[in-house]
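Build the 3D model from these lines:
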Amino acid sequence: MQTAKRLSGINEYYFSQKLREIDVMNKAGKNVINLGIGSPDMPPHPDVIKVLNEESVKPNVHAYQNYKGSPVLRNAMAQWYKKWYHVELDPETEILPLIGSKEGIMHICMTYLNEGDIALIPDPGYPTYSSAVSLAGGVPVTYQLSAENKWYPDFDSISEILKDNGTAQTLMFVNYPHMPTGQLPTTEGMEKLIAFAKANNILLVHDNPYSFILNDHPMSLLSIEGAKQVVVELNSLSKSHNMAGWRVGILSGAKERINEILKFKSNMDSGMFLPLQLAAAKALTLGQEWHDSVNEVYRKRQQKVFTLLEILNCNFDRNQAGMFVWAAIPDNYATGYELTDAVLQQANVFITPGGIFGKAGDKYVRVSLCSPEEKITEAIDRINQTGSFNLKTA
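Have a look, this model is predicted:
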């Protein structure tokens, strides 16, 4: 039995492969500290878990659910968007709950890409964008981001890419706060994205799961005037509410886009467990004190990670959002892979090479904030004890 051609060129996810290597090291007694993966290690709010428990024991909640999700959840999502992003959404027509925003990336690609259609992918950027485009039969075409341009697109270079595309519609993936670089969104940057999309027949897919992490001003691309004409936005409770394993995402946009994507999605699943939806609705009512408490933990961890990166002689911007720190490697390493392998083998600490996010990330590393302070402190001690890395001095 042969695998389908659509899997050609689709590689195993880097973390899947690396975790096997780490597992072998742990079995050999290495006790590797994993600072690579961005899976929140803190629990959801107790009230969210309480709702899930209370609703799950009811006898009438175990049936198939509406393909568009519970009205309770859609209304909570609309109110959440209005409160935090100042965006008005019709819960009946402009919101579609997802089984995680990663699912939504695939749904969008399958809805809009024909065989051979191109989709613009940020480099560096989330690897799943390229994989989903390829699996849908499209052609992922990267556009370069750089520190010099504050990790925003160079529209002149993208225009060159589009010259051979004629008037064909194109998907363009964008993501601010940006992963992996932590670049914050700006109104000016968002307005330029909207204007460029309108001028070039582009549907912008804005992936927005990090807007509440170490960011005092959450922003939605849909808050820009005229955005609904050219934008669909993905959001998630994974990071903002410590619910990564719950798989609750949000797709928002114009009624026409939601209906088009629902046509595909409704053939892929049979809805989400109702108690989970009701618990998610509760999570969306949490106020500023919840986000402050989560960010207080991440800020303390971030300071520790800054120290770790200074020991490795890396350069980084201290004004980053999201649950990672992105840093440029020192000149004595050819790539982030070389540095991360050295840290793993010599100190039994795993950090992520920036190259997994694209060629533009080759000279960078990324460190996760999803480990307790004491673990990050232990990682610092291990790296110091190797004697291979010298503390950076001014």
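
check contacts around the nearest residue in space to Ala281 that is not next to it in sequence.
Spatial nearest neighbour of Ala281, excluding adjacent residues (CB to CB, 6 or more residues apart in numbering): Ala76 at 3.8 Å. From N, CA and C alone the C-beta is placed, and that goes for glycine too. When contacts are counted by CB atoms under 8 Å, 6 or more residues apart in numbering, Ala76 touches Ala280, Ala281, Lys282, Leu284, Thr285.

Can you give me the neighbour number for the fourth one?
Leu284: 22 surrounding residues under other CB atoms under 10 Å.

what's the answer for the third one, then?
Taking other CB under 10 Å as the neighbour definition, Lys282 ends up with a count of 22.

what kind of secondary structure is it in?
Classification of Lys282 using DSSP: H, G, I helix; E, B strand; the rest coil returns helix.

which non-adjacent residue is nearest it?
Leaving out its chain neighbours, the residue that sits closest to Lys282 by CB to CB, 6+ apart is Val51, at 4.6 Å.

average model confidence for the helix or strand encompassing that neighbour?
Secondary structure from DSSP states H and E places Val51 in helix 46-56. In this model, helix 46-56 has an average pLDDT of 98.

List the buried residues for it?
Val48, Val51, Leu52, Glu55 (16 or more other CB atoms under 10 Å).

same question, stretch 289-298
By 16+ other CB under 10 Å, the buried positions in stretch 289-298 come out as Trp290, His291, Val294, Asn295, Tyr298.

helices or strands up against the helix holding Val51?
helix 274-283 (3 or more CB pairs under 8 Å, 6 or more residues apart in numbering; DSSP states H and E).

Quick one: list the elements packing against the helix it packs on.
Using 3+ CB pairs under 8 Å, 6+ apart: helix 274-283 touches helix 46-56, helix 71-80.

which stretches of the stretch 51-200 of the chain form helices?
For the stretch 51-200 of the chain, the helices defined by DSSP state H, counting those that start in this stretch occupy 71-80, 101-112, 127-135, 155-162, 187-199.

Any regions of the chain where pLDDT drops low?
Where the chain drops to pLDDT under 70, the residues are 167, 390-394.

Okay, Lys58 and Cys370: tell me how far apart.
33 Å (CB to CB, to the nearest Å).

In terms of packing, which of those two has more residues around it?
A direct count of neighbours by other CB under 10 Å for Lys58 and Cys370 places Cys370 higher, at 22 against 10.

got the helices and strands packed on helix 274-283 as TSV, with distance to Ile99 columns?
Shown next, in TSV, are those (distance: least, CB to CB, whole Å):
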stretch	distance to Ile99
helix 46-56	16
helix 71-80	12
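
Let me see the domain layout of this protein.
Split into domains by automatic domain parsing, the chain comes to 5-43+289-386, 59-283.

Return the most buried member of those.
domain 59-283 (a mean of 19; mean count of other CB atoms under 10 Å).

tell me the strands in the stretch 151-300 of the chain, going along the chain?
170-174, 202-207, 231-236, 249-253 (DSSP state E, counting those that start in this stretch).

okay, those strands in JSON lines with distance to Pro218 next?
Converted to JSON lines, the strands of the stretch 151-300 of the chain look like this (distance: least, CB to CB, whole Å):
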{"stretch": "strand 170-174", "distance to Pro218": "16"}
{"stretch": "strand 202-207", "distance to Pro218": "13"}
{"stretch": "strand 231-236", "distance to Pro218": "10"}
{"stretch": "strand 249-253", "distance to Pro218": "13"}
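
and of those, who's closest to Pro71?
Closest approach to Pro71 among the strands of the stretch 151-300 of the chain (CB to CB): strand 249-253, 14.6 Å.

Touching, Ala78 and Thr93? I think so.
No - in this structure Ala78 lies outside contact range of Thr93 using CB atoms under 8 Å: 10.4 Å.

I'd like to know which of the strands of the stretch 151-300 of the chain is closest to Ala334.
Between Ala334 and the strands of the stretch 151-300 of the chain, the tightest spacing by CB to CB is seen for strand 170-174, at 28.4 Å.

Give me the packing partners of the biggest helix by length in the chain, helices and strands only.
When the chain is parsed with DSSP state H, its longest helix is helix 288-311. Judged by 3+ CB pairs under 8 Å, 6+ apart, helix 288-311 is in contact with strand 324-328, strand 364-368, helix 373-386.

Can you say which of those is nearest to Ser223?
Nearest to Ser223, of the helices and strands packed on helix 288-311 and by CB to CB, is strand 324-328 at 24.4 Å.

picking up where we left off before, how about the buried residues of stretch 289-298 in JSON lines, adding distance to Gln183?
Shown next, in JSON lines, are those (distance: CB to CB, whole Å):
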{"residue": "Trp290", "distance to Gln183": "25"}
{"residue": "His291", "distance to Gln183": "20"}
{"residue": "Val294", "distance to Gln183": "20"}
{"residue": "Asn295", "distance to Gln183": "18"}
{"residue": "Tyr298", "distance to Gln183": "17"}
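
Out of these, flag the one nearest to Ser220.
His291 (15.5 Å).

Wait, the closest one touches Asn215, no?
No - using CB under 8 Å, His291 is not in contact with Asn215, being 9.3 Å away.

Spit out the contact partners of the closest residue to Cys109 other than its chain neighbours.
If the residues on either side of it in the chain are set aside, Cys109 comes closest to Ala136, at 3.8 Å by CB to CB, 6+ apart. Contact analysis of Ala136 by CB under 8 Å, 6+ apart lists Met106, Cys109, Met110, Leu113.
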